[in-house]
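Novice: Mind folding the following:
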Amino acid sequence: MAKFGKWIGGGLGWAVGGPIGALLGFALGSVIDRKNGGDEEDSFSKRAYQSTPNDFGASLLVLVAAVMKADGKVLKSELEYVKRFFYKQFGSEKTQQHLLMLRELLKKDIPLQDVCFQIKTYTMYPARLQLMHLLFGVAAVDGEIHSSELNVIQQISGYLGIRQADYSSIKAMFLKEVDGDYKILEINKNVTDAEVKKAYRKMAIKYHPDKVSHMGDEYKESAREKFQKMKDAYESIKKQRGMK
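Specialist: So this is what the prediction gives:
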């Protein structure tokens, strides 16, 4: 019998969750085809509706796949990073489903512009900043960020409407750069001490974990990591300048 689960899944996914839903529906349908010979369409139909246009977890899963496959290899450390994140956020059963879909997504071409347009439409700016932070985390988990991974992340940033200063700030949290501490605070090295303090207060408000409190504990934990990196950059600048 022909295997139609992935095609039905893709159609249902698009109807419910746009291009992201279509990708996830196709991926989950492929899993069911492989396991059941395509005889589980009714069962899948009930599960396909889990994807919605503003599903942050689904958005992250698709973008993670795009970053992971950018350098032509998928590392165990990257899979473990994603697994830990989803386990803390969604629990064991949901994480298994996410990982199965991730493996299928890694085999597909991902229409980044369409996917990012959907995310930009349904996701507030602080959440999009959090997405960028998580993508850099995946890329950096093996100790380095490959140039092809960086190119994909930069492309995603542009499609998501991330301001250049914000992108450079998050990038500097993961890549050692000249004057990286200043880039994290989105200022130049020649600013006054007063301007450093003002920039820190501004960034402390922007990156406060409460900005993503509605997204769940694991997202707040990741936001706290970003907040701490911002504080560390400020403390480093203070030490360099002898500020009190």
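
Novice: pLDDT below threshold where in this structure?
Specialist: Counting by pLDDT under 70, the chain shows low-confidence ranges at 1-17, 26-55, 89-90, 212-219.

Novice: Quick check: which element contains the residue most central in space within the chain?
Specialist: Among the residues of the chain, the one closest to the centroid is Leu131, at 3.6 Å (C-alpha atoms, centre = their mean). Using DSSP states H and E, Leu131 maps to helix 125-140.

Novice: Do I have it right that the residue nearest to the centre of the chain meets Leu63?
Specialist: Yes: using C-beta atoms under 8 Å, Leu131 is in contact with Leu63, at 6.6 Å. C-beta coordinates here come from the backbone N, C-alpha and C atoms, glycine included.

Novice: okay, now the domains of this protein?
Specialist: Listed by automatic domain parsing, the domain ranges of the chain are 1-53, 54-160, 163-244.

Novice: and Phe56, how many neighbours?
Specialist: Applying other C-beta atoms under 10 Å, we find 21 residues neighbouring Phe56.

Novice: That one and Arg128 touch, don't they?
Specialist: No: Phe56 is beyond contact range of Arg128, at 9.8 Å (criterion: C-beta under 8 Å).

Novice: From Phe86, how far off is the nearest residue to Val191 once chain neighbours are set aside?
Specialist: Distance criterion C-beta to C-beta, 6 or more residues apart in numbering; nearest residue to Val191, sequence neighbours excluded, is Ala199 at 7.4 Å. Separation of Ala199 from Phe86 (C-beta to C-beta, to the nearest Å): 34 Å.

Novice: Please identify which of the two sits among more neighbours.
Specialist: Neighbours were counted for Ala199 and for Phe86 using other C-beta under 10 Å; Phe86 has more, 23 against 20.

Novice: quick one: contacts for the more buried one?
Specialist: Applying C-beta atoms under 8 Å, 6 or more residues apart in numbering to Phe86 gives the contacts Gly57, Lys94, Thr95, His98, Leu99.

Novice: mind giving me JSON lines with these and columns for neighbour count and secondary structure?
Specialist: Listed next are the contacts of Phe86 as JSON lines, based on neighbours: other C-beta atoms under 10 Å; DSSP: H, G, I helix; E, B strand; the rest coil:
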{"residue": "Gly57", "neighbour count": "18", "secondary structure": "helix"}
{"residue": "Lys94", "neighbour count": "14", "secondary structure": "helix"}
{"residue": "Thr95", "neighbour count": "18", "secondary structure": "helix"}
{"residue": "His98", "neighbour count": "24", "secondary structure": "helix"}
{"residue": "Leu99", "neighbour count": "15", "secondary structure": "helix"}
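
Novice: Tyr182: which of those residues is nearest?
Specialist: Proximity of the contacts of Phe86 to Tyr182 was ranked by C-beta to C-beta; the top entry is Gly57 with 33.8 Å.

Novice: does that closest one really touch Met101, like I thought?
Specialist: No: judged on C-beta under 8 Å, Gly57 makes no contact with Met101 at a distance of 10.7 Å.
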